[in-house]
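**Q** Prediction below, plus the sequence it came from.
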Amino acid sequence: MTLRVEGLSVRFHLPGAVVHAVTDAAFELREGRCLALVGESGCGKSVMAHALLGLLPGNAVVTGHAWLGSLDLVAAPERVLAGQVRGRRVGLIPQSPAAHLTPVRTARAQLAETLRELGGGQSPDALARRAGLRPDDLDRYPHQLSGGMAQRVANALALAGDPPLVIADEPTTGLDRPLVESTMAELRRLCDEGRAVLIITHDLRAAEQVADDVAVMYAGRVVELAEARTFFARPRHPYAQGLLDALPSRAFTPIPGDPPELTCLPDGCAFLPRCSRATSRCEELPPLNGVACHHA
Amino acid sequence: MLEAVDVTLSYGRRTVLDRVSVSVRPGEVLGLAGPSGCGKSTLARVLALLLRPSGGAVTLDGRPVSRWRHRAPHRTSIGLVFQQPRLAVDPRFTLFDVIAEPLRATRRPLERAHRLAAELGLTPELFTRRPHEVSDGQLQRACVARALALEPRYLICDEMTTMLDASTQAHLVARIEDYRASTGAGVLAISHDTELLDRWSTGTVHTLNQPEESPRT
């Protein structure tokens, strides 16, 4: 099932200010592919993921479309999202899985509850085995699980309803490198089973390990959309080049300046004040044709 | 030199540090790697004089540390930056208060807080914001400024950039490198990212292993 996001925007209305969290995002994610949405914290990546699941707070206004097959996730009412989408068509692997699990119940109790709610025919043990857990691991409480095991329980929960689309929100935060690599290998396996996988991350090395395609977000907009191999070899947007150059394995130099406030974005290119290639043309908003830059 | 010799520490029956020795010389960056749960953060707290080990000794510039109470006189010569800035600041403080707190507590002029904020790229309009009104990156910049406020001779960075994007990581490391170059301070860089440590440390990267008898968690 293909996810097609078209003109997706999210605004938060606060007293005296409007936060432009996501603006005019567009991308396509087909089954069997993995798209990594990368960018620094506060660029709107997680808000986009939560918008796809209808999990934003009440002051959020979402416009545009997110087609999953023939269903528009943006327009779908809560009844449809709860009964047909969450867990069934879209599985969410949350940030810091250990904190996401209910601390006073065993992993098995939580898996069994999810399976019962979703009406799947699988047993918790079979599901756990597929996620790489031994059945007796399921008798542990969350605080008795190591980081890697908690991650696998979260994966098993996300897959309980056999969803064709899996969204992983910062799946590597706080994990050490071997765990990052095994988590990424798990996500790759989900793609290879024919699912579409959307990974939201600030960890470029993790993205490089697993993604087929990369979307770079800056100040709420997708500024570059490319095949992963091309992107990591030849990033085109100056922001993307700066991010890659900041890696310790590359130049290890930061991008000067700070991202703009999402409450007062400029009319033109939001990266202009930090960009070494900026000219007067950049005061006009560059359209996204693979890359949203007048000089790329 | 900031040195731990044969330091042992247990939480209940679980031994977290088993005769660990490490020394940070002035002017060097010592990289310390190791998997999750191997005791890296516990060692950071012992070296920052926040935790008293059950065995072994910590020496600071040749003097053994014997006082571990809150007013330990050597404490201000060691700065500490934590992994999660949100858990490391008082949520009622403004960003400026976070940076100025060590200066106020030791009755020093607050002018240095302004200079540190500027060096770390925090603009004056951020000064009055509280932690929930800024990003993780901005808050960690304030925490680095706070750690440098009293001009520590040693700085311990415990997974300082795990939560942050590559650009903010490079920026914070560059600022700490500036501080080290101008003051000759010693830095202990703790991370599970060996690529970062290989780039940052001035010598070989040490690896802390899990004590053998500790149960799997």
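**A** Good, I have the coordinates.
**Q** Flag every residue of chain A that's near chain B.
**A** Contact residues (Cβ under 8 Å from any Cβ of the partner chain) of chain A with chain B: A:39-42, A:144, A:146-147, A:173-179, A:202, A:204-205, A:242-244, A:246-249, A:252-255, A:257-258. (Glycine included, C-beta is placed from N, CA and C.)
**Q** which residues in chain B form helices?
**A** Shown for chain B, the helices assigned by DSSP state H span residues B:40-47, B:95-105, B:111-119, B:136-148, B:166-183, B:194-200.
**Q** Any chance of a markdown table for these, columns mean neighbour count?
**A** Compiled in a markdown table, the helices of chain B are given as follows (neighbours: other Cβ atoms under 10 Å in any protein chain shown):
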| stretch | mean neighbour count |
| --- | --- |
| helix B:40-47 | 22 |
| helix B:95-105 | 20 |
| helix B:111-119 | 17 |
| helix B:136-148 | 25 |
| helix B:166-183 | 20 |
| helix B:194-200 | 19 |
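**Q** Reformat those into TSV and put distance to A:Leu115 next to each item.
**A** Listed next are the helices of chain B as TSV, based on distance: least, Cβ to Cβ, whole Å:
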stretch	distance to A:Leu115
helix B:40-47	37
helix B:95-105	46
helix B:111-119	52
helix B:136-148	35
helix B:166-183	39
helix B:194-200	39
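**Q** buried subset of the residues of chain A next to chain B?
**A** For those, burial is judged from neighbour counts taken by 16 or more other Cβ atoms under 10 Å in any protein chain shown, and it is met by A:39-42, A:146-147, A:174-177, A:179, A:202, A:204-205, A:242-244, A:246-248, A:252, A:254-255, A:258.
**Q** Would you mind listing what in chain B touches chain A?
**A** Residues of chain B lying near chain A by Cβ under 8 Å from any Cβ: B:35-37, B:83, B:121, B:123, B:135-138, B:162-171, B:173-174, B:192-196, B:198-200, B:216-217.
**Q** Test of understanding: give the bridge partners of residue 3.
**A** Going with chain A. Following DSSP bridges, A:Leu3 is listed with bridge partners A:Leu29, A:Leu68.
**Q** not what I meant, chain B
**A** In beta-bridge terms (that is, DSSP bridges), B:Glu3 pairs with B:Ser23, B:Thr59.
**Q** roughly how far apart are it and chain A?
**A** With distances defined as Cβ to the nearest Cβ, to the nearest Å, the gap from B:Glu3 to chain A amounts to 26 Å.
**Q** mind listing what that residue touches?
**A** Applying Cβ atoms under 8 Å, 6 or more residues apart in numbering or on different chains, one finds that B:Glu3 lies in contact with B:Ser21, B:Val22, B:Ser23, B:Val24, B:Val58, B:Thr59, B:Leu60.
**Q** Just give the number of residues close to A:Arg188.
**A** A:Arg188 sits with 16 neighbouring residues when counted by other Cβ atoms under 10 Å in any protein chain shown.
**Q** do the same with the one 4 residues further on
**A** Summarising burial for A:Asp192: neighbours were counted as other Cβ under 10 Å, giving 11.
**Q** Next, work out how far apart it and chain B are.
**A** Computed with Cβ to the nearest Cβ, the distance linking A:Asp192 and chain B is 27 Å.
**Q** That residue and A:Glu31 touch, don't they?
**A** No: the pair A:Asp192 and A:Glu31 does not pass the contact test of Cβ atoms under 8 Å, sitting 11.0 Å apart.
**Q** Closest to the centroid, which residue in chain A?
**A** Here the mean C-alpha position of chain A is nearest to the C-alpha of A:Ile200 (Cα atoms, centre = their mean), at a distance of 2.6 Å.
**Q** Alpha carbons of the helix or strand containing that one, as CSV, please.
**A** When elements are assigned from DSSP states H and E, A:Ile200 belongs to strand A:196-201. What follows is strand A:196-201 as a C-alpha-only set of coordinates in CSV (Å, rounded to 0.1, in the frame of the first residue of the first chain):
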residue,chain,number,x,y,z
ALA,A,196,6.5,0.6,3.6
VAL,A,197,8.7,2.0,6.4
LEU,A,198,9.0,5.6,7.4
ILE,A,199,11.9,6.4,9.7
ILE,A,200,12.1,9.7,11.5
THR,A,201,15.6,10.3,12.8
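**Q** Could you name the helices and strands sitting against that strand?
**A** Here strand A:196-201 is seen to pack against strand A:34-38, helix A:45-52, strand A:165-169, helix A:177-192, helix A:204-210 when contacts are counted using 3 or more Cβ pairs under 8 Å, 6 or more residues apart in numbering or on different chains; DSSP states H and E.
**Q** okay, the ones you listed in a markdown table with distance to B:Ile99 and mean pLDDT next?
**A** Formatted as a markdown table, the helices and strands packed on strand A:196-201 follow (distance: least, Cβ to Cβ, whole Å; pLDDT from 0 to 100):
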| stretch | distance to B:Ile99 | mean pLDDT |
| --- | --- | --- |
| strand A:34-38 | 30 | 96 |
| helix A:45-52 | 28 | 91 |
| strand A:165-169 | 31 | 95 |
| helix A:177-192 | 32 | 89 |
| helix A:204-210 | 30 | 93 |
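**Q** strands paired with the helix-or-strand element of chain B with minimal mean pLDDT, and their directions?
**A** Here the helix or strand of chain B ranked lowest by mean pLDDT, DSSP states H and E is strand B:63-64, holding a mean of 90. On the basis of DSSP bridges, the sheet neighbours of strand B:63-64 come out as strand B:55-60 (antiparallel).
**Q** Could you pull up the residues touching A:Gln241?
**A** With Cβ under 8 Å, 6+ apart, A:Gln241 has these contacts: A:Pro235.
**Q** Let's verify it: helix, strand, or coil?
**A** Remark: A:Gln241 carries the secondary structure label helix [criterion: DSSP: H, G, I helix; E, B strand; the rest coil].
**Q** So for it, what's the pLDDT?
**A** In the predicted model, A:Gln241 carries a pLDDT score of 96.
**Q** now A:Ser41
**A** What the model reports as pLDDT for A:Ser41 is 77.
**Q** quick revisit: quick one: buried ones out of the contacts of B:Glu3?
**A** Among these, those that count as buried by neighbour count (16+ other Cβ under 10 Å) are B:Val22, B:Val24, B:Val58, B:Leu60.
**Q** I figured the last one was touching B:Arg67, is that so?
**A** No: under the criterion of Cβ under 8 Å, B:Leu60 is not in contact with B:Arg67, lying 11.1 Å apart.
**Q** measure the residue of the stretch 51-200 of chain A found nearest chain B to A:Asp203 for me?
**A** Using Cβ to the nearest Cβ, the closest approach of the stretch 51-200 of chain A to chain B is made by A:Asp176 at 3.7 Å. If you measure A:Asp176 against A:Asp203 using Cβ to Cβ, to the nearest Å, the figure is 12 Å.
**Q** can you map out the helices along chain A?
**A** When assigned using DSSP H, the helices of chain A occupy the ranges A:45-52, A:78-80, A:97-100, A:107-118, A:124-130, A:147-159, A:177-192, A:204-210, A:228-233, A:238-245.
**Q** For the second one, what does the pLDDT average out to?
**A** Per-residue pLDDT values over helix A:78-80 give a mean of 95.
**Q** and if you look at stretch B:39-52?
**A** Confidence over stretch B:39-52 (mean pLDDT, whole number) is 92.
**Q** Equivalent analysis for stretch A:212-223, please.
**A** For stretch A:212-223, the per-residue pLDDT values average out at 96.
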